[in-house]
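Visitor: Predicted model, plus sequence, below.
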Amino acid sequence: MDRADQRRVLSNMSFLKALTQRIEIKDPSQDVHSSIQLNSFGTYATPSLGERAGMDIHLCKYTIAPNSNYYRLWRSLLIILVICSAWMAPFELAFIRYLPRMFFLIDTIVDLIFLIDIVVTFFIPYMDKRKFILVDSISDIAIRYISTWFIFDIASSIPYQLFAFLITKRVGRGFAYNLLSMFRLWRLRRVSNMFSRLEKDIRVNYFRIRCLKLMGFALLSIHIMGCIWYLLAERYHNPKQTWIGVHLQDFKQESIGKRYVYAMFWSMITTASLGYGSLPAVNPVERLYTILCMFYKSGLAAYLIGNMADLAVDITRRTHKFRISVEAVSRFAIQNHLPSSLRDQMMNYMSLKFKTESLQQEEIMSMLPRAMRTSICQHLFSPTLKKAYLFRGTSNDFILQLIAEIRAEYFQPGEDIILHHEAPTEFYIVVSGKVELLIYKDAEEQHHGLAREGDVIGEIGALCCMPQPVIARSKSVSQVLRINRSCFLNVIRGNTADGQIVIYNLFEHLEGFKSLSLRFPKKIESLMSNFGIKAPSNL
């Protein structure tokens, strides 16, 4: 795949939120709140199409970087607590009368931790899915959170048993409060989000993650069914006329572990469609619950089978293809002893290709009429073009014609935009981000400058018809406008006066490149004569 195809893939990064590996660009001018370091398939705060450097993302002072190390540790702690509380909620509902007070204390502490997380969430920026930018306004974060998951998070974090204790002065009493504690199962959405991230992480086995997710869901369902099955027997008015009372005359005096095993045995046998085992329903309430469980079991089986089928048809096929490609690229790099930096670039490219398969940016733009495409580009990129030194003083008509020929592209940190001695087929204008300019001196790369918003790169080689004299390498996630050399010269051919201004601007800019070759004036003179442009007197 040539560089043009690679750049077409990279141009879709305006819709992306992920890259394959953690990339850290150290800049002393950035503080903790203005730089976000991200891991594999993390979320880059990619600027929206046409966004300028003045609109670069800087988190507010009181916000918390969503991918900071401290917040990741906090999020990992919450995942562990979610799994524990999801298991404990139905277990306590069934056995709360017989549990020690330590469970009451632990539940209260866990609920308070999730209440703290609700407060923390008001300071966590979120990704705008329409623009793919990180929103860090405290008011916007609060409005979004309150209008989405706030009520559910509150309901799942209130320490109901603490209220029951304050009212009844007894631990483990108050069935209604224990039933409200089942709202804790809402926290499982965090586990679902975790599995979604792990499924896209190339460092873990995709098949195992999917199997673990389905197995966890099935086991949790069996656990809840078993706990409710025991609860029906424990609450029934005649304990001897229950499914467990028939086998254990005084089952309430048995250990919690033994009663739990009995309940799980029935639940597992019922879920596995093997009948009811040796613990059938005895009273009408248990028979009704058994009917409901059989219906649920049918739905659970349909969900598992349907999920696996859908996975095989869609997700597995696409992800499996991606992972095979990644493994092939990795083997190729190892077998050919490629340097680690080049290997990382290859892996990044494969990840970007995987992410952009479902995007249709170019297709959408191609469906629109030319006048509409030009209007869109004028709205997005006109301020950047007017700021570029090369077009300073040109007419609006010239800018409008040029806008119709430009294309937006994105480059990840450390990616080469222009190679040394590359064929001069195009040049670029930086819209956002930073691009480092390097020159070869004594067979080594040396820093020559830093291009920011409105700076033009690659114009020397493109307009002077010579190999590119500098290397342009992105220092951060950078958006650039690509201008094809042939299209640009065609626009100049139809606007001689503006073309002369462009050439004059280029000649004045070359005064800062005296350390490079002196062939530039002759190249410019030849270019101007081809288009009938009068050469400056000092050329």
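Guide: Perfect, I can see it now. Note that the coordinates shown come from a computational prediction; the quantities given were computed from them, not determined experimentally.
Visitor: Spell out which residues make up each domain of this structure.
Guide: The record assigns the chain these domain ranges, following automatic domain parsing: 59-201, 202-358, 370-530.
Visitor: so can I have a markdown table of those domains showing mean neighbour count and mean pLDDT?
Guide: Bear in mind the C-beta positions are built from the backbone N, C-alpha and C, glycine included. Output for these, formatted as a markdown table (neighbours: other Cβ atoms under 10 Å; pLDDT from 0 to 100):
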| stretch | mean neighbour count | mean pLDDT |
| --- | --- | --- |
| domain 59-201 | 16 | 81 |
| domain 202-358 | 15 | 82 |
| domain 370-530 | 18 | 80 |
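Visitor: what residue of this structure is the furthest out?
Guide: Computed with Cα atoms, centre = their mean, the residue of the chain farthest from its C-alpha average is Q249, at 56.5 Å.
Visitor: Select the longest helix from the protein.
Guide: In the chain, taking DSSP state H as the definition, the longest helix is helix 206-235.
Visitor: quick check, L481 in a helix?
Guide: No. Going by DSSP: H, G, I helix; E, B strand; the rest coil, the assignment for L481 is strand, not a helix.
Visitor: That one touches S432, doesn't it?
Guide: No. Applying Cβ atoms under 8 Å as the test, L481 and S432 come out as separate, 10.6 Å apart.
Visitor: Now do the strands in this protein.
Guide: Applying DSSP state E to the chain gives strands spanning 126-128, 133-135, 406-411, 416-418, 426-432, 435-441, 444-451, 456-457, 471-474, 478-484.
Visitor: What lies in contact with the fourth one?
Guide: With contact meaning Cβ atoms under 8 Å, 6 or more residues apart in numbering, strand 416-418 is reached by 411, 428, 435, 457-458, 461, 468, 470-474, 478, 480.
Visitor: try 7 Å this time
Guide: Residues from elsewhere that reach strand 416-418, judged by Cβ atoms under 7 Å, 6 or more residues apart in numbering: 411, 428, 435, 457-458, 468, 470-474, 480.
Visitor: got these as JSON lines, with distance to I113 columns?
Guide: Shown next, in JSON lines, are the contacts of strand 416-418 (distance: Cβ to Cβ, whole Å):
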{"residue": "F411", "distance to I113": "41"}
{"residue": "Y428", "distance to I113": "49"}
{"residue": "V435", "distance to I113": "45"}
{"residue": "I457", "distance to I113": "50"}
{"residue": "G458", "distance to I113": "54"}
{"residue": "Q468", "distance to I113": "56"}
{"residue": "V470", "distance to I113": "54"}
{"residue": "I471", "distance to I113": "51"}
{"residue": "A472", "distance to I113": "49"}
{"residue": "R473", "distance to I113": "45"}
{"residue": "S474", "distance to I113": "41"}
{"residue": "V480", "distance to I113": "45"}
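Visitor: from these, which is closest to Q401?
Guide: Distance to Q401, by Cβ to Cβ, is smallest for Y428 among these, at 18.4 Å.
Visitor: Kindly state the beta-bridge partners for the closest one.
Guide: Beta-bridge partners recorded for Y428 (DSSP bridges): I457, R482.
Visitor: Check the one 10 residues further on too.
Guide: Beta-bridge pairing of L438 under DSSP bridges involves H447, I471.
Visitor: Tell me if I'm right that it and R473 touch.
Guide: Yes. Counting by Cβ atoms under 7 Å, L438 touches R473, with 6.4 Å between them.
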